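Enquirer: using only what follows, build the 3D model:
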Amino acid sequence: MMKRRLAIGVGIAAFFLVLTGGLRPVGAEELPRERWPETLQPARVESLLNEALHKVQAQPGSIEAHLRVAQLGFYAWRLEKTDNRKRLRIAFRVLEAGEKLLKLDSDHPGGWHWVGAGYGMIGLTKGVLNSLQLVPKIKAPMEKSIALDAGWLHASALAQLSRLYTMIPGFPLSIGDAALAEKYAREAISLDPQFALQRLYLADLLWYQGRVREALAELDAFEKLQPVDELSWFSYEVSKPKAAELRERILKGEKRDRFYDVLSDIQPGLVN
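Expert: Numbers count the residues shown, from 1 in each chain. The predicted model follows:
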């Protein structure tokens, strides 16, 4: 009886802490495991995103609701394979969700992460060389998210910084740096070795550097991943074809194109 009362008391205390801002939701509300395959269906993701947008309108002060919009926006952006204009609209929606999160709680790593991710998705949609002016708008928010909680959302901010330093040119055009890219990817893996993106990004970087045995070892590790939630499952499933493509190209002895993108199946383009 005493344990039950204590548990109830802790639950009530946590509830009031959330109400007063003492605790923050760490992630978006996700689907139960049996419904994860819905996230691979573009039409269903669009429907879920619209539902999330309606929820945000009804609950504009809900951090979790804005996080859900951003996460579903990422799904929709990643699944779009033909229409860059639509991808760009989705990317701006993710950016908007991140900005609204920052207004609600600037100490939550999610707002900074999704602002940086939104700008990154805009840049990848338009093309890296067309978007170098966005680099500070990606880099600074991701660094802020890492400073607040490096492990948040499967250490995604570290993974995205790794990708940024891989994709953009180095001096004198920009700040691309393979050593930093590898450092951030390995830090992300150390914090969450089961998340697909850091493994995929590192394998791609190692391939680019000609370190093919190491790249293949990362792809071997990728194949053994065990996703634990909707986001990690989605990221793993959409990345499996790209991982297989990497392996095939590496084994054929192909050289990686400078701006090859393992996060997308659509060529960038000049869109407004």
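Enquirer: which ones are touching Y75?
Expert: Taking Cβ atoms under 8 Å, 6 or more residues apart in numbering, we find Y75 in contact with 39, 45, 49, 234. C-beta coordinates here come from the backbone N, C-alpha and C atoms, glycine included.
Enquirer: that one and P172: what is the separation?
Expert: Going from Y75 to P172 by Cβ to Cβ, to the nearest Å gives 37 Å.
Enquirer: which residue would you name as the spatial centre of the protein?
Expert: Centroid-nearest residue in the chain, with Cα atoms, centre = their mean: S156, separated by 5.4 Å.
Enquirer: K240 and F74: what is the separation?
Expert: As judged by Cβ to Cβ, K240 and F74 stand 17 Å apart.
Enquirer: more neighbours: which of the two?
Expert: For K240 versus F74, neighbours defined as other Cβ atoms under 10 Å are more numerous around F74 (23 against 15).
Enquirer: which residue packs closest to that one, ignoring adjacent ones?
Expert: Once flanking residues are discounted, F74 sits nearest to V94: 6.3 Å by Cβ to Cβ, 6 or more residues apart in numbering.
Enquirer: the one you found and Y119 touch, don't they?
Expert: No: V94 is beyond contact range of Y119, at 9.2 Å (criterion: Cβ atoms under 8 Å).
Enquirer: quick one: the helices in the chain?
Expert: 2-20, 42-58, 63-79, 84-104, 109-126, 135-149, 152-167, 178-191, 196-208, 212-223, 230-251 (DSSP state H).
Enquirer: okay, now the unreliable bits of this structure?
Expert: Judged by pLDDT under 70, the chain has its weakly predicted residues at 1-27, 269-272.
Enquirer: rerun that using 90 as the cut-off
Expert: Low-confidence segments of the chain, defined by pLDDT under 90: 1-29, 129, 171-173, 258-259, 261, 263-272.
Enquirer: R35: how many residues sit nearby?
Expert: With other Cβ under 10 Å as criterion, R35 counts 12.
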